[in-house]
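Chemist: this one's sequence-less:
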């Protein structure tokens, strides 16, 4: 659950950290894998949207925008300024006003021939998040009780329409991506959680069996390279979420992991630039494996620390300020 919301689910916060950390590993050359963290985030989003609207949906879309937009805009404008003053520090980002406008308003575009990447390049996932929020908001307006069915149907229709026009428009090509269906996984998991949580204690043997089956599914799906993402990475992400949400929902995690989960959005958005900065000033690409391991560990620690600072000094105060200004609780 998100900071500031009642009944925060700490296991969800820890899972958020795992997702953000996984994505960070993609951008650490010594690892270079972990892209499934995005899929975990999408499944979590589906679950959380169902959870926070179980009893009321007042100011839903405004709360979503307050949660996502302020830090994203601050960092996007910051990267744009860097691209204008010191373009050599960045790889594929240029000081393009059109790109800035589209990035700020979540409009997909092809960035300098590299594909669907806003100025803050990990913001490509937020384009899908915003669409999901809008579709979910419509489902709330139509009939909150059946928001799972309505939202899932609208996501399917949205996908089919964009798939039809995908050959003619870049935006349609972007949104004809089956990754959108991973939000549905999360919404279904919420219904499972609501029905089965705290119904009976689950013994350790059952949990171990689940882990073994889960691991087997992961290895099998990863061996099938041709599978679409919503199956190859989406299903393992859904199984992981079920494990955290249902099987270990009462497990008490160390506070540090909950704090890092609170800061997961900051970590997700800023980590590539911190990593890139250190690699450019240290020349780690030319160092031996042992030196790379040592510096990678230090970069991870520094990145996590900065992420918590950004969360506590920028993200959280900004969100609270906007909520207070708009009188939203």
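Modeler: Thanks, I have it. Note that the coordinates shown come from a computational prediction; the quantities given were computed from them, not determined experimentally.
Chemist: buried ones in the helix-or-strand element of the chain with minimal mean pLDDT, by neighbour count?
Modeler: Every helix and strand of the chain was ranked by mean pLDDT, DSSP states H and E. The lowest is helix 204-222, at a mean of 80. Within helix 204-222, the residues that qualify as buried by neighbour count (16 or more other CB atoms under 10 Å) are 210, 214, 218, 221. Yep, even glycine has a C-beta here, placed from its N, CA and C like the rest.
Chemist: residues in contact with it: which ones?
Modeler: Helix 204-222 is contacted from outside by 227, 231, 232, 233, 235, 236, 239, 240, 243, 247, 248, using CB atoms under 8 Å, 6 or more residues apart in numbering.
Chemist: just to revisit the earlier point, just the buried residues of helix 204-222 now: which is nearest residue 164?
Modeler: Proximity of the buried residues of helix 204-222 to residue 164 was ranked by CB to CB; the top entry is residue 221 with 28.5 Å.
Chemist: low pLDDT regions in this protein?
Modeler: Using pLDDT under 70 as the threshold, the predicted model of the chain has low-confidence ranges 1-8, 199-203, 285-286.
Chemist: show me which helix runs longest in it.
Modeler: helix 60-85 (DSSP state H).
Chemist: and that one, what other elements does it pack with?
Modeler: For helix 60-85, the helices and strands in contact under the criterion 3 or more CB pairs under 8 Å, 6 or more residues apart in numbering; DSSP states H and E are helix 97-104, helix 124-143, helix 264-282, helix 316-325.
Chemist: which of the ones you listed sits closest to residue 33?
Modeler: When the helices and strands packed on helix 60-85 are compared by CB to CB, helix 264-282 sits nearest residue 33, at 14.6 Å.
Chemist: still on that earlier bit, for the helices and strands packed on helix 60-85, give me TSV that also has mean neighbour count and distance to residue 293.
Modeler: Shown next, in TSV, are the helices and strands packed on helix 60-85 (neighbours: other CB atoms under 10 Å; distance: least, CB to CB, whole Å):
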stretch	mean neighbour count	distance to residue 293
helix 97-104	17	35
helix 124-143	19	29
helix 264-282	20	13
helix 316-325	14	33
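Chemist: these: which one's closest to residue 302?
Modeler: helix 264-282 (6.9 Å).
Chemist: so what does the closest one touch, helix or strand wise?
Modeler: Helix 264-282 makes packing contacts with helix 10-26, helix 60-85, helix 289-310 when contacts are defined by 3+ CB pairs under 8 Å, 6+ apart.
Chemist: got those as TSV, with mean neighbour count and distance to residue 274 columns?
Modeler: What follows is the helices and strands packed on helix 264-282, written out as TSV (neighbours: other CB under 10 Å; distance: least, CB to CB, whole Å):
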stretch	mean neighbour count	distance to residue 274
helix 10-26	22	9
helix 60-85	18	12
helix 289-310	15	5
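Chemist: distance to residue 273 added to those helices, as JSON lines?
Modeler: Shown next, in JSON lines, are these (distance: least, CB to CB, whole Å):
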{"stretch": "helix 10-26", "distance to residue 273": "12"}
{"stretch": "helix 60-85", "distance to residue 273": "7"}
{"stretch": "helix 289-310", "distance to residue 273": "10"}
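Chemist: quick one: closest of these to residue 133.
Modeler: helix 60-85 (4.4 Å).
Chemist: check the offset of the closest one from the chain's centre.
Modeler: Centre-to-centre, helix 60-85 and its host chain are 15 Å apart (CA atoms, centre = their mean, to the nearest Å).
Chemist: and it with helix 289-310, angle?
Modeler: Between helix 60-85 and helix 289-310, the angle comes out at 130 degrees (axes from the mean of the first three to the mean of the last three CA atoms, to 10 degrees).
Chemist: please name whichever of the helices and strands packed on helix 264-282 is nearest to residue 329.
Modeler: Taking CB to CB, helix 60-85 is the member of the helices and strands packed on helix 264-282 nearest to residue 329, at 9.7 Å.
Chemist: in stretch 185-205, which residues are buried?
Modeler: Taking 16+ other CB under 10 Å as the basis for neighbour counts, the residues of stretch 185-205 that come out buried are 185, 186, 187, 188, 189, 190, 193.
Chemist: check the gap between the fifth one and residue 43 for me.
Modeler: With the distance defined as CB to CB, to the nearest Å, residue 189 ends up 7 Å from residue 43.
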